[in-house]
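K.L.:
sequence first, predicted model second:
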Amino acid sequence: MGSKSSRTGAAQSHFPRPFERSDKSADDTKDDAMTTSTSTQAGPRKDETTGTWWFVVDLGPGPDGKRQQARRRGFATKRAAMEAMDRLRVSSRERTYVAPKRQTLGAFLLEDWLPAKRSTLGASTWESYGRNLRLHVVPALGGVQLQSLDPAQLNRLYADLLASERGNGRSGTLSLRTVRYIATILGAALNDAVRWGRLVRNPARLADPPSATSAKSPEMRTWDAATVARFLDLAGDDRYGPAWLFLATTGARRGEVLGLRWADLDLDAGQAAIRQTITQVGRRIVTAPRTKTGKARLIELDGRTVASLRAHRARQAAERLAMGAGFTDQGLVFALPDGRPYQPERFSREFARRLERYDLTRIRLHDLRHTWATLALLAGIPVEIVAERLGHSVAVCAATYRHVTPAMASGAAEKVAGLIFGQP
């Protein structure tokens, strides 16, 4: 039989030493006082003082190479503690463990995510994201802990938004499309939270925002060729007339037309190069490259549009002389009398006012683009050429203008039959 000291040593070796940490908090010190395990604790232990159960799990080295430990306490039963312990071990083994962080959703969105996205988003998109988050998300869920956010809370947010006033001094409720847009922003932000190690999974993926079908874009409305011609004739002497004619005959976007510079035009060759766009962010006018690469999109111009541009350039030169030193030369084709760019929203409003004045079928300014594409496809221009001119992929163009397909198919049948049977 061994000595008392050897028996004591053997007994002590049977009980592992407490974890050692150099950055112990008061809670950690309490845990260490209760701990009787090595780096891999056998199971939960009971705190005789409180009657609750606790455990410590070794998670292995962290990103900095230092030892990571997760300590949890306050479980009512040993079984509850064991289940939580097992979940932690599995997440550690599968490398899905995320350390607890007391950051609110609002702080993450406004202090971390939005600043990080500023260099990757266009100015108007970034401003739109920020405005919608501040107006509609942060007031409702900004105080919720990011790691506590769940799909049910997001579903309540979407339902409340559909029933609430728009805010920011605007009347009416939010549309299905707007609420889906907000859900898309949240989904992207929470995806980044997962990618950055703030969340294990994205709760937005399990939520139920308005469906894409119910939140579809405003219905496309187009004019026939005769209505386009009548509008251009009535607006011929209008200050905005040359810009509207360019929109109607090229299918370009509003921002592309307002950003067009004389240096982007080759009137002798009948070509325009789309190189930049003008957008509106709040009350600010923002000029940016059309694409992230800055690559231009060439558009062929018809003879009437070229003639309109030549006459417009002469009128602009006269305005420049009249303004003298008050003219700000930005090289823009379509601009205010002093050379500054048109405000995009006002440009659209003026279009709507003219339709009312001329008693024409109401369409949006953007529908001039849809009108051009529809007329081009009906004229038999291949969808590949229409897509290239619009700056779309062929698939997007075909899906957007699928309403034209039946008429095109009918026309194709007659043309092929004419070739076969010798009909004109």
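P.N.:
Received it, and whenever you're ready, just let me know what you need. Numbers count the residues shown, from 1 in each chain.

K.L.:
flag the shaky bits of the stretch 151-300 of the chain, pLDDT-wise.
P.N.:
Along the stretch 151-300 of the chain, the model assigns pLDDT under 70 to residues 164-173, 212-218, 290-294.

K.L.:
my error: substitute the stretch 1-150 of the chain in the last question.
P.N.:
Within the stretch 1-150 of the chain, the stretches with pLDDT under 70 are 1-41, 61-65, 92, 94-100.

K.L.:
and the strands in it?
P.N.:
45-46, 53-61, 67-75 (DSSP state E, counting those that start in this stretch).

K.L.:
in stretch 385-392, what's buried?
P.N.:
Judged by neighbour count using 16 or more other CB atoms under 10 Å, the buried positions of stretch 385-392 are 386-392. Glycine gets a C-beta too; all of them are placed from N, C-alpha and C.

K.L.:
adding pLDDT and distance to E256, write those out as CSV.
P.N.:
Shown next, in CSV, are the buried residues of stretch 385-392 (pLDDT from 0 to 100; distance: CB to CB, whole Å):
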residue, pLDDT, distance to E256
V386, 90, 16
A387, 89, 16
E388, 89, 14
R389, 89, 12
L390, 90, 10
G391, 86, 8
H392, 82, 13
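
K.L.:
now do the phi/psi pair for F246.
P.N.:
Backbone dihedrals for F246, given as degrees, to the nearest 10, come out at phi -60, psi -40.

K.L.:
how near is the residue lying closest to it once chain neighbours are set aside to L301?
P.N.:
Excluding the flanking residues, the one nearest F246 by CB to CB, 6 or more residues apart in numbering is V257, at 5.6 Å. Distance, V257 to L301, using CB to CB, to the nearest Å: 12 Å.

K.L.:
tell me, what's touching those two both at once?
P.N.:
Common neighbours of V257 and L301, counting by CB atoms under 8 Å, 6 or more residues apart in numbering, are T250.

K.L.:
what about the two, which has more around it?
P.N.:
V257 (26 against 20; other CB atoms under 10 Å).

K.L.:
tell me if that one really is in a helix.
P.N.:
Yes - counting by DSSP: H, G, I helix; E, B strand; the rest coil, V257 is found in a helix.

K.L.:
hmm, L247 and it touching each other?
P.N.:
Yes - counting by CB atoms under 8 Å, V257 touches L247, with 5.5 Å between them.

K.L.:
what are the boundaries of the helices in the stretch 301-424 of the chain?
P.N.:
For the stretch 301-424 of the chain, the helices defined by DSSP state H, counting those that start in this stretch cover 303-323, 344-358, 367-378, 383-390, 394-400, 405-421.

K.L.:
turn the ones you listed into CSV, including distance to L154.
P.N.:
Listed next are these as CSV, based on distance: least, CB to CB, whole Å:
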stretch, distance to L154
helix 303-323, 49
helix 344-358, 31
helix 367-378, 34
helix 383-390, 35
helix 394-400, 29
helix 405-421, 38
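
K.L.:
buried deepest among those helices, which one?
P.N.:
Mean neighbours per residue, mean count of other CB atoms under 10 Å, is largest over the helices of the stretch 301-424 of the chain for helix 367-378, with a mean of 21.

K.L.:
who does that helix touch, helix- and strand-wise?
P.N.:
Helix 367-378 is packed against helix 225-234, helix 241-250, helix 383-390, helix 394-400, helix 405-421, with contacts defined by 3 or more CB pairs under 8 Å, 6 or more residues apart in numbering; DSSP states H and E.

K.L.:
same thing but at 10 Å, please
P.N.:
helix 225-234, helix 241-250, helix 254-258, helix 383-390, helix 394-400, helix 405-421 (3 or more CB pairs under 10 Å, 6 or more residues apart in numbering; DSSP states H and E).

K.L.:
what's the closest of the ones you listed to A81?
P.N.:
When these are compared by CB to CB, helix 394-400 sits nearest A81, at 54.1 Å.

K.L.:
wait, D367 sits on R221?
P.N.:
Yes - taking contacts as CB atoms under 10 Å, D367 lies within contact range of R221: 5.4 Å.

K.L.:
hmm, P151 is touching D208, no?
P.N.:
Yes - in this structure, P151 is within contact of D208 by CB under 10 Å, at 7.7 Å.

K.L.:
now do the helices in the stretch 1-150 of the chain.
P.N.:
Using DSSP H, counting those that start in this stretch, helices in the stretch 1-150 of the chain cover 4-14, 26-34, 78-93, 105-107, 114-117, 123-132, 138-141.

K.L.:
and for the fifth one, what's in contact with it?
P.N.:
The one in question is helix 114-117. By CB atoms under 10 Å, 6 or more residues apart in numbering, the residues outside helix 114-117 that reach it are 108, 121, 125-126, 129-130, 133-134, 185, 188-189, 192, 196.

K.L.:
rerun at 6 Å
P.N.:
G130 (CB atoms under 6 Å, 6 or more residues apart in numbering).
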